[in-house]
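**Q** After the sequence you'll find the predicted model.
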Amino acid sequence: SQQGEEDPQALSIQEGENATMNCSYKTSINNLQWYRQNSGRGLVHLILIRSNEREKHSGRLRVTLDTSKKSSSLLITASRAADTASYFCATQPASGNTPLVFGKGTRLSVIA
Amino acid sequence: DTGVSQDPRHKITKRGQNVTFRCDPISEHNRLYWYRQTLGQGPEFLTYFQNEAQLEKSRLLSDRFSAERPKGSFSTLEIQRTEQGDSAMYLCASSRLTYEQYFGPGTRLTVT
């Protein structure tokens, strides 16, 4: 079963605009990670935020985590056509050494 | 710098045939994961190894599926008596313990 649920399912923006994607999950987590997947390819790790962190930055990416609401957001600033991809959040549950649980993803289209 | 590699990249097989996929992880990573991804969905966990020990198997992994990781290096995933429902992208990832996972390009299986 998939724990994370991304919102929206699809997002289309103009180049230069910011893109925000949200992720909600159900159980307590150890950490939450965001991945990008270009069409038909493997996933690329973007950023990891631990359960005791509230915000993290990496280049044009900003991730927030609200454990009280069991939600996270990924902000991509100044988007580029190359950012067009599917974005997945993945949670590592706090209970034991269980592997990542992925959501269904947000399909982002950045129009030049 | 070598990442995770998977072989083959594409496999077309007839229903009822057996198939085997190979994954070579990043050499210093002791964890290796297998996921399955269907169109429009996020990756779903199948099984994972820590070194040569298979620590967890998903309920998705029926008796027709078997995975091995001899000597804690590369891993193979075998599907016996393939069914059309097995058509999917099979992704392999590796990591150091509970850190971020690095994914291979995947093996796309089509069962006709």
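**A** Sure, I can see it.

**Q** Can you tell me the SS state at B:Gly85?
**A** helix (DSSP: H, G, I helix; E, B strand; the rest coil).

**Q** which other helices and strands contact the least confident helix or strand in chain A by mean pLDDT?
**A** For chain A, counting by mean pLDDT, DSSP states H and E, strand A:5-7 ranks last in confidence among helices and strands (a mean of 84). Contact here means 3 or more CB pairs under 8 Å, 6 or more residues apart in numbering or on different chains; DSSP states H and E; on that basis strand A:5-7 packs against strand A:19-24, strand A:85-93. Where you see a C-beta, it was placed from the backbone N, CA and C, and this is true even at glycine.

**Q** gap between the helix or strand just after the shortest one and the chain center?
**A** Okay, so that is strand A:19-24. Downstream of strand A:19-24, the next assigned helix or strand under DSSP states H and E is strand A:29-37. The chain centroid and the centroid of strand A:29-37 are separated by 6 Å, computed with CA atoms, centre = their mean, to the nearest Å.

**Q** So which bits of strand A:29-37 are buried?
**A** A:Ile29, A:Asn30, A:Asn31, A:Leu32, A:Gln33, A:Trp34, A:Tyr35, A:Arg36, A:Gln37 (16 or more other CB atoms under 10 Å in any protein chain shown).

**Q** Can you give me the distance of the last one to chain B?
**A** Computed with CB to the nearest CB, to the nearest Å, the distance linking A:Gln37 and chain B is 9 Å.

**Q** One more: the second one?
**A** From A:Asn30 across to chain B, the span is 7 Å (CB to the nearest CB).

**Q** beta partners for the nearest residue to that residue once chain neighbours are set aside?
**A** Sequence neighbours aside, A:Gln92 is the residue nearest to A:Asn30 in space, at 4.5 Å (criterion: CB to CB, 6 or more residues apart in numbering or on different chains). According to DSSP bridges, the partner residues bridging A:Gln92 are A:Asn31.

**Q** and if you look at B:Glu78?
**A** Those that pair with B:Glu78 in a beta bridge, by DSSP bridges, are B:Thr20, B:Ser66.

**Q** next one: A:Arg62
**A** Under the criterion used here (DSSP bridges), A:Arg62 is bridged to A:His57, A:Leu75.

**Q** try B:Ala53
**A** Beta-bridge partners, per DSSP bridges, of B:Ala53: B:Gln50.

**Q** Which stretches in chain B count as strands?
**A** With DSSP state E as the criterion, chain B has strands at B:5-7, B:10-13, B:19-24, B:31-37, B:44-50, B:53-57, B:65-68, B:75-79, B:88-95, B:102-103, B:107-111.

**Q** The first one pairs with which strands, and in what direction?
**A** Each strand that strand B:5-7 pairs with, and the sense of that pairing, follows from DSSP bridges: strand B:19-24 (antiparallel).

**Q** What are the phi and psi values at whichever residue of chain B sits closest to chain A?
**A** Closest residue of chain B to chain A, CB to the nearest CB: B:Gly42 (3.4 Å). Backbone torsions of B:Gly42, given as degrees, to the nearest 10, read phi -80, psi 170.

**Q** Which residue is the nearest non-sequential neighbour of the residue in chain A that chain B sits nearest to?
**A** In chain A, no residue comes nearer to chain B than A:Phe102, which is 3.4 Å away by CB to the nearest CB. Excluding the flanking residues, the one nearest A:Phe102 by CB to CB, 6+ apart is B:Gly42, at 3.4 Å.

**Q** gap between the one you found and B:Gln80?
**A** 26 Å (CB to CB, to the nearest Å).
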